[in-house]
Every structure is written in structure tokens, then in C-alpha cells.
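In: Show me how the following folds:
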Amino acid sequence: MFITPLSMTEYVVAQMISGAIKAVVPFGKVSLIALLVFGFNLFAIGFITLALLFVNLLCFAYSIGLIILGIILRMGTRIQALAWGLVLIFQPLSAAYYPLDVMPPTYVFEAARASLSTPGVHWEYMAIAAGQNVLYFALAIWFFAYMYRRSRQIGQFARNEE
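Out: Residues are numbered from 1 along each chain as shown. All right, here's what the predicted structure looks like:
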């Protein structure tokens, strides 16, 4: 990747688009299984609400992904196993199963729970999640750019094993 004329921005944006597609396809399959096996229609909360929930979760995932990618670029591929463990740390903090006011997914899941009991878009939760996502995404971009520059300065790319 680092010997191609592709810029880091182009690479990251391509990975984001690929990740979004890879998230939509399994989501559709799991939603269909939930409907057929359990009779739970996830689309009952409304397409707009579902799309907003999805976009907010995707934005938070991008932020976490950029931070982890920055760590991998700086520390080398030997630390990739840690990346899988770091993702699991966020699951209990995101309050998928209980309320907690710490991270953007909290408000996304609160909006989803509220939409199940009262159909419609719950803009107050969406606005808080979007605001937090903008902040976390900006910080993730800054962190990733710093780690990328630092990795280039110390020659880490030449030491990374493929």
C-alpha cells in the first residue's frame, strides 16, 4: 500500500466505504433472521430512525478504527492482536443492554429503545450522539494523522512485516 500513488486519505476513505458496505450486508441478513425466527421486525422503528442509528454507530466505529489503525501504524503489525481486544472494551461502555451516559453508542441505543416504545425519530438522543461523534471523529483524525507522521519519521513502515 505504501509504494502505490494512493494517498493516505484515499486509502482511509476507501476503507470506510468498504466497511460501510460490509456492515450493511450482514445487518440485512441478521434483520431477516430476527424477523423469520423470532418475529422481531427491526424495521418497525422506521427507516429514517434506523438509518440515523446506523450512521451514528458507523461514525463511532470509524473513530475507533482510526485510533486503532494509528496505533498499528506506529507500533507495527505485531500489535494487531491488541486491536481485536480494544474493540471488545467498548461493548460494555456503549450500554447496548443498559443505560449509561458515556459514549455516542449510548444515545444511539437509547434512541432505539425509545423508538421501540414510541415510534418516531428521537432527535434529542440523535443530536447528542451526532455531537459526540463529531468530537470523537475529529480527535481520531488528529490522532491518526499524528501517528502516521510519526511512523514515517522513524521509518516504521520499512520495519512492518506484511
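
In: which SS state does residue 6 fall under?
Out: The three-state label for residue 6, taken from DSSP: H, G, I helix; E, B strand; the rest coil, comes out as coil.

In: what's the distance between residue 49 and residue 133?
Out: Using CB to CB, to the nearest Å, residue 49 is found at 16 Å from residue 133. Every residue, glycine included, has its C-beta placed from N, CA and C.

In: can I assume residue 80 is in contact with residue 72?
Out: Yes: Residue 80 is within contact range of residue 72, at 6.0 Å (criterion: CB atoms under 8 Å).

In: the more surrounded of these two?
Out: Taking neighbours as other CB atoms under 10 Å, residue 80 and residue 72 compare with residue 72 leading, 19 against 12.

In: Next, residue 119: phi, psi?
Out: When quoted as degrees, to the nearest 10, the phi and psi of residue 119 stand at phi -60, psi 150.

In: just residue 122 next, same as before
Out: Torsion angles at residue 122 (phi, psi; degrees, to the nearest 10) stand at phi -100, psi 90.

In: could you list every residue that touches it?
Out: Contacts for residue 122 were tallied using CB atoms under 8 Å, 6 or more residues apart in numbering; they are 49, 110-111, 114-115.

In: Just among those, which is most surrounded?
Out: residue 111 (24 neighbours).

In: coming back round to it: quick check, nearest of the contacts of residue 122 to residue 17?
Out: Taking CB to CB as the measure, residue 49 is the one of the contacts of residue 122 closest to residue 17, at 23.3 Å.

In: Just list what the helix or strand hosting that closest one packs against, helices and strands only.
Out: Secondary structure from DSSP states H and E places residue 49 in helix 47-75. For helix 47-75, the packing partners by 3 or more CB pairs under 8 Å, 6 or more residues apart in numbering; DSSP states H and E come out as helix 8-33, helix 80-93, helix 104-117, helix 123-154, helix 156-159.

In: for the second one, the distance to its chain's centre please.
Out: In terms of CA atoms, centre = their mean, to the nearest Å, the gap separating the centre of helix 80-93 from the centre of its chain is 12 Å.
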